[in-house]
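Engineer: What follows is a predicted protein model with its sequence.
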Amino acid sequence: MHRRTVPCQYFAPQKIEEALEILSKHGKEIKVIAGGTDLLIQYYDRLYEVNGWIDLKNISELKNIRINKNEMEIGAMVTHAQLEKSQDIKKYYPVLSQAAADIGSPQIRNRGTIGGNIVNASPAGDLLAPLMAYKAKFKLLSGKDEKLVPAENFFLGPKKTILRPDQLLTQIILPFPKKKTYGCWIKIGKRKALIIATITLALVVEMAEDNKTVNDVRTCLGSVAPTPIEIKEIREKMIDKKFSELDFNQLGQIVEDKISPIDDIRGTREYRKDVAKEIMINALKEIILQLEGDYK
Ligand SMILES: Cc1cc2nc3c(=O)[nH]c(=O)nc-3n(C[C@H](O)[C@H](O)[C@H](O)COP(=O)(O)OP(=O)(O)OC[C@H]3O[C@@H](n4cnc5c(N)ncnc54)[C@H](O)[C@@H]3O)c2cc1C
């Protein structure tokens with residue numbers, strides 16, 4: 001096996017500014033490490049070589065979940081366990097909370113971070129569809145600029161994003177959902193726990209004041225394309241319609257028709273298409289239950 005002979009550099013900055021300075025000098029040669037649950041596995045498999053690490057573990061500014069005016073700000077080093085336990089995330093973004101609770105095992109949830117899940121950009125990353133569904137924006141900082149990028153513009157393909165080597169993902173910004181917003185998270189895999197998703201669905205529906213008419217909807221899926229995707233055609237079929245008059249079968253069919261998944265070890269293209277339709281129908285039924293709960 002190939003073994004490195006040059007010494008490996010290790011940086012553990014305390015502040016974001018320090019990290020940006022290190023990245024501006026060494027970003028092309030060194031790797032950012034958060035929880036290491038993706039990175040170290042790829043490293044031990046020798047999927048890449050590194051000349052050094054910049055470890056974000058000491059940057060406390062990146063570990064907070066806080067309400068900021070009309071939005072929620074989640075630090076990139078917030079772990080899945082933090083997301084799962086946060087009462088604010090549960091209250092305002094239940095689909096994200098449930099997705100975080102479904103990731104890996106307690107050990108992985110305690111180490112793995114939201115920032116790592118995003119930048120790793122696996123098509124099967126569980127948080128990606130929920131973040132798209134809640135219209136997340138990612139704050140990308142470098143020594144020379146600051147960008148706020150909508151989730152749908154961040155991902156380019158499996159493990160590929162627009163992040164430059166001198167940039168750090170520092171925060172995830174979520175606008176506050178409107179009062180009558182409902183949501184459903186479905187993850188399908190070969191087992192119930194510790195499993196990489198075969199397909200995921202994050203459905204977020206915003207209702208009008210009457211709680212009967214659909215104001216807005218986001219139907220986002222993971223593991224069915226090189227990046228997480230939104231099925232935008234669902235919007236025109238649902239917006240301004242009465243929820244009780246929607247044709248669930250037709251909506252499920254649109255999801256099935258609009259995705260173009262591949263065969264892989266976790267499932268065939270046909271299987272994913274069939275399941276996509278079923279989980280869309282089930283998610284809509286789940287929203288009905290939530291609405292009925294609110295009517296009582
Ligand atoms: C046993 C096991 C089970 C798993 N189960 C699941 C699962 O069910 N669902 C799921 O989605 N994932 C799962 N994963 C994958 C992994 O745990 C998650 O993707 C996790 O969120 C990665 O976060 P991390 O902090 O460990 O990232 P790291 O491994 O530290 O980093 C991942 C990538 O992101 C980059 N990076 C991290 N933070 C930043 C930042 N702030 N700015 C710029 N770049 C950054 C790193 O350079 C690297 O390229 C599993 C992994 C294992 C080992």
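Structural biologist: On my side now, so go ahead.
Engineer: Around the ligand, pick out the residues from the stretch 101-250 of the chain.
Structural biologist: The stretch 101-250 of the chain comes close to the ligand at residues 103-104, 108, 111-113, 115-117, 119-120, 125-126, 163, 168-169, 194, 196, as judged by CB under 6 Å from any ligand atom. C-beta here means a position set from N, CA and C on the backbone, and glycine is covered the same way.
Engineer: 8 Å - rerun?
Structural biologist: With CB under 8 Å from any ligand atom as the criterion, the stretch 101-250 of the chain meets the ligand at residues 102-105, 107-108, 111-120, 122, 124-128, 159, 163, 167-170, 187, 189, 194-197.
Engineer: what sits up against the worst-scoring helix or strand of the chain on mean pLDDT?
Structural biologist: In the chain, the helix or strand scored least confidently by mean pLDDT, DSSP states H and E is helix 39-44, which has a mean of 83. Residues external to helix 39-44 that are found in contact with it (CB atoms under 8 Å, 6 or more residues apart in numbering): 31, 33, 48, 50, 116, 120.
Engineer: picking that back up, could you tell me which of the residues of the stretch 101-250 of the chain next to the ligand count as buried?
Structural biologist: Listed as buried from those are 102-104, 108, 111-120, 122, 124-128, 163, 167-170, 187, 189, 195-197; burial here means 16 or more other CB atoms under 10 Å.
Engineer: So, low pLDDT: which residues of the stretch 101-250 of the chain?
Structural biologist: Residues of the stretch 101-250 of the chain that meet the criterion pLDDT under 70 lie in 190-194.
Engineer: Tell me which residues touch the closest residue to residue 136 other than its chain neighbours, please.
Structural biologist: Leaving out its chain neighbours, the residue that sits closest to residue 136 by CB to CB, 6 or more residues apart in numbering is residue 151, at 4.6 Å. By CB under 8 Å, 6+ apart, the residues touching residue 151 are 128, 131-132, 135-138, 228.
Engineer: Redo those residues as TSV? Include secondary structure.
Structural biologist: Shown next, in TSV, are the contacts of residue 151 (DSSP: H, G, I helix; E, B strand; the rest coil):
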residue	secondary structure
128	helix
131	helix
132	helix
135	coil
136	coil
137	strand
138	strand
228	coil
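Engineer: With distance to residue 248 added, can I get the residues you listed in CSV?
Structural biologist: Shown next, in CSV, are those (distance: CB to CB, whole Å):
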residue, distance to residue 248
128, 25
131, 25
132, 22
135, 24
136, 27
137, 31
138, 33
228, 23
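Engineer: right, and out of these, which lies closest to the ligand?
Structural biologist: Checking those against the ligand with CB to the nearest ligand atom, the nearest one is residue 128 at 7.9 Å.
Engineer: Please name the residues that touch the residue nearest to the closest one when sequence neighbours are not counted.
Structural biologist: Counting by CB to CB, 6+ apart, residue 128 lies nearest to residue 228, which is 4.0 Å off, once chain neighbours are set aside. Applying CB under 8 Å, 6+ apart, we find residue 228 in contact with 123, 125, 128-129, 131-132, 151, 155, 220-222.
Engineer: Just the buried residues of those.
Structural biologist: Buried by 16+ other CB under 10 Å: 123, 125, 128-129, 131-132, 151, 155, 220-222, out of those.
Engineer: when you check those residues against the helices, which ones overlap?
Structural biologist: Here DSSP state H is the test, and those give 128-129, 131-132, 151 as lying in helices.
Engineer: quick one: residue 254 and residue 89, what's the gap?
Structural biologist: Relative to residue 89, residue 254 is positioned 29 Å away (CB to CB, to the nearest Å).
Engineer: what about the closest residue to residue 13 other than its chain neighbours, is that helix, strand or coil?
Structural biologist: Leaving aside its chain neighbours, residue 13 sits nearest to residue 19 (4.4 Å; criterion: CB to CB, 6+ apart). Of the three states, residue 19 takes helix under three-state DSSP.
Engineer: OK, contacts around the residue in the stretch 151-296 of the chain positioned nearest to the ligand?
Structural biologist: The ligand sits closest to residue 169 of the stretch 151-296 of the chain, with a gap of 3.7 Å, by CB to the nearest ligand atom. Contact analysis of residue 169 by CB under 8 Å, 6+ apart lists 76, 115, 118-119, 138-140, 163.
Engineer: Show me which pair in the contacts of residue 151 is furthest apart.
Structural biologist: Between any two of the contacts of residue 151, the greatest separation by CB to CB is 14.6 Å, found for 137 and 228.
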